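>>> A structural model of the following input is requested.
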Amino acid sequence: MTKKYLLVLMMSSLALLTTFSSCYYDNAEDLLGSTVCDTTSVSYANDIVPIISGSCFVCHGSGSYTSAGAGILLEGYDAMSASALSGALAGVIDHAPGYSAMPKSSPQLPACDRALVRNWAAQDALNN
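Reported below is the predicted structural model:
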C-alpha cells in the first residue's frame, strides 16, 4: 500500500510541476510573431507588390495573363493601380458580390493583406 501511495504522490507531483512550469514564459506574440496589421501608410513596393506577386502573378503576370488570367494583367504599377483605383482589385480579393472571387481555387487572402490593398487604393494607389 505504501509503494502504491508513494507512486501516486510522485506522479501527481510530476503532473503539477509540468503543468505549472511548461509554458511560463510563452505568450502569443513570442510564439506567433506580431499580429498587428498596420494599414495606415501602405507602400506599393513594400506591401502591395509582395501580396499581388505572391498570390496573383501565376495567372495575372506578364507570362500568363492572356491564357490563364482572362486577359487581366496585374504586373507593373500602371496595371495594378488601374485595377485598384477602379475597385475591381478589392472586389475580387474580398469576394464581393458581382466580382469573381480571387485567387481562383485557393483560399481567400488573409484579412491583413486585403486591408492593405483596400487602404492602398483609398490612399490613391501611390507608386511608393
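>>> What distance separates the opening and closing residues of stretch 40-57?
Length of stretch 40-57, first residue to last, CA to CA, to the nearest Å: 25 Å.
>>> where in the protein is pLDDT low?
1, 5, 8-9, 13-35 (pLDDT under 70).
>>> Tell me which stretches of it form helices.
2-21, 28-32, 49-55, 57-60, 77-86, 88-93, 111-122 (DSSP state H).
>>> Kindly reformat those as CSV and extend each row with mean neighbour count.
All C-beta atoms are positioned from the backbone trio N, CA, C, and that covers glycine. Converted to CSV, the helices of the chain look like this (neighbours: other CB atoms under 10 Å):
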stretch, mean neighbour count
helix 2-21, 9
helix 28-32, 9
helix 49-55, 16
helix 57-60, 18
helix 77-86, 17
helix 88-93, 20
helix 111-122, 19
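>>> and T39, which of these is closest to it?
Among the helices of the chain, the nearest to T39 by CB to CB is helix 111-122 (4.2 Å).
>>> tell me which strands and helices the closest one is in contact with?
Judged by 3 or more CB pairs under 8 Å, 6 or more residues apart in numbering; DSSP states H and E, the packing partners of helix 111-122 are helix 49-55, helix 77-86, helix 88-93.
>>> among those, which is nearest D113?
helix 49-55 (4.7 Å).
>>> Does anything pack onto that closest one? Which helices or strands?
With contacts taken as 3+ CB pairs under 8 Å, 6+ apart, helix 49-55 sits against helix 111-122.
>>> mind putting the helices and strands packed on helix 111-122 in TSV, distance to L7 included?
Shown next, in TSV, are the helices and strands packed on helix 111-122 (distance: least, CB to CB, whole Å):
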stretch	distance to L7
helix 49-55	55
helix 77-86	67
helix 88-93	59
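>>> Nothing else from me, thank you.
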